[in-house]
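Student: Need the 3D shape of this:
(4 chains)
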There are 2 protein chains.
Amino acid sequence: MESFGNYIRRLRTEKGLNQTELAAKIGLDSGGLSKVENGKKELKESKLQLLAKALKIDVADIKKQYFSEKFAEDCFKYKCPDTVFQLAEEKAKYYKSVKTKQASLNL
Amino acid sequence: MESFGNYIRRLRTEKGLNQTELAAKIGLDSGGLSKVENGKKELKESKLQLLAKALKIDVADIKKQYFSEKFAEDCFKYKCPDTVFQLAEEKAKYYKSVKTKQASLNL
DNA sequence: TTATATTTGTCGAAAATCACCAAGTTAAAA
DNA sequence: TTTTAACTTGGTGATTTTCGACAAATATAA
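Tutor: Predicted coordinates:
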């Protein structure tokens, strides 16, 4: 099971970038990126777009890696039942199905 | 698809409590609980235990409702692919399987 | 050693959270 | 209608959290 940090590190090294170089492209310093790669701190969601561009990958792939890790960590940390993810998926699909009322949802 | 707020409201009224009464039991005022029930603000996770006790239900049930809603909202808000939840479930199970190393995970 | 890359801890400003309060609205009864 | 209770909404200030930045320490390599 690859962590988000390792996923980023793997793609970074595959592209021949060091931490300083990649960090600069997403508005961090090398220390910040190091922490992200080692799971010591969370990356801001607003940097995912830049990160995808810098690594030349689909932003959807990064989002999937990023949020699955975030959700799993919360689930573990707060001792959620496993079934939370099935219900979450249903709710997410429900939100999409009613997105015409998006403005009233206040999400 | 019942929202978390409606779930709480339904249980509250079933128990014959008004907002002021239930709110007091979980350290809120009626205004705060109203916002929670209407999805206008998030309930603090640390209040789930008290809420379960006040409503006489299993805390796992509340956690499932609470976090599934939170995850689904994030997924919708940030336009995650649906497959994020399958991966999240795998990761959560993986975390549990290595929980002997819990201290090193920094979750 | 010297240079480069990475890791780690700390700090302060900025942002977010949250309980509280007060005013406004609704609804039901009198 | 008036009164009363229940609920909603907006705002405020204090507290907490976040996050980029910096610096020192550690590692890696030449």
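Student: Give me the pLDDT for residue A:98.
Tutor: Per-residue confidence for residue A:98 comes out at a pLDDT of 84.
Student: Quick check: the gap between it and DNA strand C.
Tutor: 23 Å (C-beta to the nearest atom of the strand, to the nearest Å). In this view, the C-beta of every residue, glycine as well, is placed from N, C-alpha and C.
Student: Can you pull out the low-pLDDT segments for chain A?
Tutor: Residue ranges of chain A with pLDDT under 70: A:99-107.
Student: from it, which residue is nearest to DNA strand D?
Tutor: Among the residues of chain A, residue A:31 lies nearest to DNA strand D; the distance is 3.3 Å by C-beta to the nearest atom of the strand.
Student: That residue is in what secondary structure piece?
Tutor: helix A:30-37 (DSSP states H and E).
Student: just checking, what packs against whichever helix or strand comes after that helix?
Tutor: Once the chain leaves helix A:30-37, the next helix or strand it forms, by DSSP H and E, is helix A:48-55. Contacts defined by 3 or more C-beta pairs under 8 Å, 6 or more residues apart in numbering or on different chains; DSSP states H and E place helix A:48-55 against helix A:4-14, helix A:19-25, helix A:59-77.
Student: Can you add distance to residue B:25 and give those back as CSV?
Tutor: Compiled in CSV, those are given as follows (distance: least, C-beta to C-beta, whole Å):
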stretch, distance to residue B:25
helix A:4-14, 38
helix A:19-25, 47
helix A:59-77, 25
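Student: most packed of the ones you listed?
Tutor: Using mean count of other C-beta atoms under 10 Å in any protein chain shown, the stretch among the helices and strands packed on helix A:48-55 with the greatest mean number of neighbours is helix A:59-77 (a mean of 21).
Student: then it to PDB, C-alphas only?
Tutor: C-alpha atoms of helix A:59-77 as PDB (Å, rounded to 0.1, in the frame of the first residue of the first chain):
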ATOM      1  CA  VAL A  59      -4.900  15.900 -11.500                       C
ATOM      2  CA  ALA A  60      -7.700  13.300 -10.900                       C
ATOM      3  CA  ASP A  61      -5.000  10.800 -10.100                       C
ATOM      4  CA  ILE A  62      -3.400  13.000  -7.500                       C
ATOM      5  CA  LYS A  63      -6.800  13.900  -5.900                       C
ATOM      6  CA  LYS A  64      -7.600  10.200  -5.600                       C
ATOM      7  CA  GLN A  65      -4.300   9.500  -3.900                       C
ATOM      8  CA  TYR A  66      -4.500  12.600  -1.700                       C
ATOM      9  CA  PHE A  67      -8.100  12.300  -0.500                       C
ATOM     10  CA  SER A  68      -8.100   8.500  -0.100                       C
ATOM     11  CA  GLU A  69      -5.100   9.000   2.300                       C
ATOM     12  CA  LYS A  70      -6.800  11.800   4.100                       C
ATOM     13  CA  PHE A  71     -10.100   9.900   4.500                       C
ATOM     14  CA  ALA A  72      -8.300   6.700   5.600                       C
ATOM     15  CA  GLU A  73      -6.300   8.600   8.200                       C
ATOM     16  CA  ASP A  74      -9.400  10.200   9.700                       C
ATOM     17  CA  CYS A  75     -11.200   6.900   9.700                       C
ATOM     18  CA  PHE A  76      -8.300   5.300  11.500                       C
ATOM     19  CA  LYS A  77      -7.700   8.100  13.900                       C
END
